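Q: What follows is a predicted protein model with its sequence.
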Amino acid sequence: MKFVSLDFETTGTVKGCPNEPWQLGLVEIVPGADGPAPDVASRWETWLRVSADRPFSPRAPGRWAELRAELAAAPTLVDLWPEISARLVGMPLVAHNAGTERTMLVQAAPLTPFGPWIDTLKLVKKLWPLMPSYALGDVVRTFGLQARVDALCPGRTWHDALYDACAGAVVLCHVMEILKVNSHEDLCRYA
């Protein structure tokens, strides 16, 4: 069973401007070659068009400010939809605090059925209710997974869509290894 971990980086909401995506990262997770332990199989990312004069929220994280020219020239989510939908539709989707990812996909394709969804935030909270923080970076550090994420995305850091999607994938793989499960159906017993 394959899974796809995804992350959007967005502009944030500014008065008069809706929240828009500016970067998308996708990571495919497959069962491991040496047994049921899952592993990251492939990565894909893209910038997404945001007009050069569109304001970003001052609280929007990431390196969008240095990429304004690239973002103004990037394709739109609609332009890339055939490629993106081929990677997402019909797959179990993984995200840490999945609300943003769900919202962006529904805005792009409101009639497309997405999921089932696995929210690693909810999964980790349920399985480890006493963690001091459930922020993705804190979960990665608590589980000792930082080196694994860094190896998948060298030179990247938090609030980069591909890096965050890799982190979500690594967290899911780690949880699946601990639980000794290899399918969405098996995970549903814990979610």
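A: Yes, it's here.

Q: Mind checking what secondary structure Gly137 has?
A: helix (DSSP: H, G, I helix; E, B strand; the rest coil).

Q: Who are the contact partners of it?
A: Trp158, Ala167 (CB atoms under 8 Å, 6 or more residues apart in numbering). Placement of C-beta: from N, CA and C, glycine included.

Q: Now whichever helix or strand Leu121 is part of: buried residues?
A: Element membership for Leu121, per DSSP states H and E: helix 120-127. Burial within helix 120-127, assessed by neighbour count using 16 or more other CB atoms under 10 Å, is assigned to Thr120, Leu121, Leu123, Val124.

Q: How about stretch 57-66?
A: Neighbour counts over stretch 57-66 (16+ other CB under 10 Å) mark Ala60, Gly62, Trp64 as buried.

Q: Hmm, Thr11 and the last one touching each other?
A: Yes: between Trp64 and Thr11 there is a contact at 7.4 Å, judged by CB atoms under 8 Å.

Q: intersection of neighbour lists for these two?
A: Trp22, Val50, Phe56.

Q: so how far is Thr46 from the residue lying closest to Glu20 once chain neighbours are set aside?
A: Nearest non-adjacent residue to Glu20, counting by CB to CB, 6 or more residues apart in numbering: Thr11, 4.8 Å away. Distance of Thr11 to Thr46, computed by CB to CB, to the nearest Å: 16 Å.

Q: before we move on, what about Ala169?
A: Distance, Ala169 to Thr46, using CB to CB: 17 Å.

Q: Of those two, which one has the most company?
A: When Ala169 is set against Thr46 and neighbours are counted by other CB atoms under 10 Å, the residue ahead is Ala169, at 31 against 19.

Q: The host helix or strand of that one - what's its average pLDDT?
A: Applying DSSP H and E as the criterion places Ala169 in helix 161-179. Averaged across helix 161-179, pLDDT comes to 96.

Q: quick one: average confidence on the helix or strand that contains Glu45?
A: Per DSSP H and E: Glu45 is located in strand 38-47. Throughout strand 38-47, pLDDT has a mean value of 92.

Q: Show residues contacting that strand.
A: With contacts defined as CB under 8 Å, 6+ apart, strand 38-47 is touched by 2-3, 22-33, 67, 70-71, 74-75, 80, 87, 152-153, 161-162, 165-166, 169-170, 172-173, 176-177, 182.

Q: partner strands of that strand, parallel or antiparallel?
A: Its sheet considered, strand 38-47 pairs with strand 21-31 (antiparallel) by DSSP bridges.

Q: List the buried residues in the partner strand.
A: Residues of strand 21-31 classed as buried: Pro21, Trp22, Gln23, Leu24, Gly25, Leu26, Val27, Glu28, Ile29, Pro31 (neighbour count, 16+ other CB under 10 Å).
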